[in-house]
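>>> With the sequence up front, the predicted model follows.
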Amino acid sequence: MLLSNRSKVFSQAGLARELRCSASTVSRVLLPLVELGLVKMDTVGDQMKIVAFNAENQRAKLLLEFYDKFRNS
């Protein structure tokens with residue numbers, strides 16, 4: 001979802017709705033991606049978490065390159 005919408009910012013709750021899973025599942029999956037720098041996460045207000053693909057990260061650039069080649073083959 002984040003790779004195919006790499007310039008879009010999502011709320012954690014919105015991702016959960018789109019993926020049809022719980023917000024806690026999304027959080028658990030996103031945490032390692034945030035730690036690797038592939039995804040940026042920030043909190044807005046008291047609780048709302050927003051996430052976006054981090055296209056500036058070197059690993060993320062390699063992942064995008066692979067993803068684009070895979071989609072175009």
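Great, that's in hand. Quick caveat: nothing in here was measured; it's all calculated off a predicted structure.

>>> Residue 34: neighbouring residues, count only.
If you count neighbours by other Cβ atoms under 10 Å, residue 34 ends up with 14. C-betas here are computed from N, CA, C, even on glycine.

>>> Name the nearest residue to it, sequence neighbours excluded.
Counting by Cβ to Cβ, 6 or more residues apart in numbering, the nearest residue to residue 34 once its immediate chain neighbours are dropped is residue 41, at 5.0 Å.

>>> Can you tell me which helix or strand of the chain has the lowest average pLDDT?
Least confident helix or strand of the chain, by mean pLDDT, DSSP states H and E, is helix 58-72 with a mean of 92.

>>> For residue 73, see how far away the residue nearest to residue 34 is.
Per Cβ to Cβ, to the nearest Å, residue 41 is found 31 Å from residue 73.

>>> What's the mean pLDDT across the helix or strand where the residue nearest to residue 34 lies?
Using DSSP states H and E, residue 41 maps to strand 39-44. Taken as a whole, strand 39-44 has an average pLDDT of 94.

>>> Would you mind measuring from residue 43 to residue 64?
26 Å.

>>> what about the two, which has more around it?
residue 64 (16 against 10).

>>> Going by neighbour count, list what's buried in the helix or strand residue 16 falls within.
Following DSSP H and E, one finds residue 16 within helix 12-19. Of all the residues in helix 12-19, those buried under the rule 16 or more other Cβ atoms under 10 Å are 12, 14-16.

>>> hang on, the earlier thing: which helices and strands sit right next to the very next helix or strand once past the strand holding residue 41?
For strand 39-44, the following helix or strand on the C-terminal side (DSSP H and E) is strand 48-53. Where contact means 3 or more Cβ pairs under 8 Å, 6 or more residues apart in numbering; DSSP states H and E, strand 48-53 is packed against strand 10-11, helix 12-19, helix 23-35, strand 39-44.

>>> Who does strand 48-53 pair with, and is each partner parallel or antiparallel?
Using DSSP bridges, strand 48-53 pairs in its sheet with strand 10-11 (antiparallel), strand 39-44 (antiparallel).
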